[in-house]
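S.K.: Model the following, please.
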Amino acid sequence: MKNILNKKLMGICTGMLVFGTLFTLDATYSEPATKGSGLPFSEEMAELGDMIFDDENLSINRNQACNACHEAEWGFTGPDSAFNEGGAVYEGSIPGRFGDRKPPSSAYSTLPPVFHLSRQGLFVGGNFWDGRATGEKLGNPAADQAQGPFLNPVEQGLRDSACVVYRVSVADYAGDYIKLWGDNIATIDFPSDIDELCEQEGPPLDINAEDREKIEVEFNNIAIAIAVYEESHNLFSSKFDAMRKGLYKFTKEEQRGFALFQGKGQCARCHTSSGQAPAFTDHTYDNLGVPANPDNPIYSENPDFVDTGLGGFIATRPEWAALAPNEKGKFRVPTLRNVDLRPSPEDVKAYMHNGVFKSIEEVVRFYNTRDVLPTCGDENTRADWGESCWPAPEVAENMNTSELGNLGLSPEEEAAIVSFLKTLSDGYLPDSAE
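M.R.: Numbers count the residues shown, from 1 in each chain. Next up is the predicted model:
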């Protein structure tokens, strides 16, 4: 496992300075700390998932791998500072096609439970920003999620799961795949012209029932391998974790920020900080009143686009459809682990489901003053956000008004919370702590 992590975190290990301390791997933190994910974790399976994750051939134009939107140095989210500074959504394998949400982090993505409606009436678990990767199919939401981008026309764009399975079957790592999953993949009778067919858009391929069943099994195996690899990203190796082990002492600013995070800032109500290895999320959904991202390229195609989030997904499920209006505008509460991880302070990360905010300072300011400042007008520019106004929410229904919006934090208290959030980046070497 250490080989995988050393390779993926090379940018962290060899030169990224954060808070004046070199971020690197330490043997103490070389294994993932998750339990109960339901995934068949092994070093060999994670290595296979790594190779699949990095394979550009698994896209229609053989030019985009999963890692295009999930790089280690960026906390396994979008690695392009220019994209992040603008629309924050990423171009797919087909030039000119973009998604409509920013890439979530693939680290800690194996932790959510299978999507369900809790006894408290809250939807919990799942992956993707709207929860549609439920985990009901493969037993873990990260595995369900791994299948989506391959077949999404605005992402990797392949027309059929058969294309994914075929290209894995002829990949350089096919032998490694067969060692772990058996030779069923080698017995599939793919169409003789599958190479040509998979380089084109179109309907699903005409494949007989027996081979289609085999393809489905292998497509599931591919997704599980990816999820196992993603589980290897759950390092719990930040300054915060070192502090919990007695290997790092918070600065006064960080300690104050942590206290505010748990108390006056109300952050821990959703970004849970309790437990032995907290994920900093309760895996629920919330509408924070986030404004639309005006730079999202979706608006050039559909000026009236409104992202309904969880409500849009719930409306597709007959057993829950009646609840959809109450879930409109809600999105997954993400983990805050690696929230500030990036190659350098000059690089821009994007935040919220649509990437509308460009720093954690801006996010904290929004949480604190959303309901204090007036709504921006036509005369206002982006420079006014958080200073004299905030844009209107994209979805005003179901907005959380009890846990954010008017927190009464001073600028110094906002800064302290930001200082604490910066302690959640993985790769901290305890021996280098002062």
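S.K.: and the longest helix seen in the chain, average pLDDT?
M.R.: In the chain, taking DSSP state H as the definition, the longest helix is helix 209-231. Averaged over helix 209-231, pLDDT sits at 98.
S.K.: so how far is it off the chain centroid?
M.R.: Per C-alpha atoms, centre = their mean, to the nearest Å, the displacement of helix 209-231 from the mean C-alpha position of its chain is 21 Å.
S.K.: buried set for it?
M.R.: Within helix 209-231, the residues scored as buried using 16 or more other C-beta atoms under 10 Å are 211-212, 214-215, 218-231. No exception for glycine: its C-beta is placed from N, CA and C like everyone else's.
S.K.: After it, which helix or strand is next?
M.R.: helix 239-244 (DSSP states H and E).
S.K.: tell me which strands and helices that next one is in contact with?
M.R.: Contacting helix 239-244 under the criterion 3 or more C-beta pairs under 8 Å, 6 or more residues apart in numbering; DSSP states H and E is no other helix or strand.
S.K.: who touches residue 139 in this structure?
M.R.: Neighbouring residues of residue 139 by C-beta atoms under 8 Å, 6 or more residues apart in numbering: 38-39, 114.
S.K.: ranking those residues by neighbours, who comes first?
M.R.: Using other C-beta atoms under 10 Å as the neighbour criterion, residue 39 leads the contacts of residue 139 with 24 neighbours.
S.K.: what's the spacing between that residue and residue 156?
M.R.: Distance, residue 39 to residue 156, using C-beta to C-beta, to the nearest Å: 22 Å.
S.K.: Tell me where this protein is predicted with low confidence.
M.R.: Along the chain, the parts satisfying pLDDT under 70 run over 1-36, 431-434.
S.K.: Could you rerun that using 50?
M.R.: With pLDDT under 50 as the threshold, the chain has low-confidence stretches at 1-2, 6-7, 9-35, 432-434.
S.K.: Determine the three-state secondary structure at the spatially most distant residue from the centre of it.
M.R.: Using C-alpha atoms, centre = their mean, the residue of the chain lying farthest from its centre is residue 192. It sits 37.2 Å away. Three-state call for residue 192 (DSSP: H, G, I helix; E, B strand; the rest coil): coil.
S.K.: buried sites along stretch 186-206?
M.R.: Buried residues in stretch 186-206, counting neighbours by 16+ other C-beta under 10 Å, are found at 188, 190, 194, 197-198, 205.
S.K.: what does it rub up against?
M.R.: Here stretch 186-206 has contacts from 60-61, 94, 153, 157-160, 162-163, 165-167, 169, 178, 207-208, 211, 214-215, 218, using C-beta under 8 Å, 6+ apart.
S.K.: which among these end up buried?
M.R.: For the contacts of stretch 186-206, buried by 16+ other C-beta under 10 Å: 60, 94, 157-160, 162-163, 165-167, 169, 207, 211, 214-215, 218.
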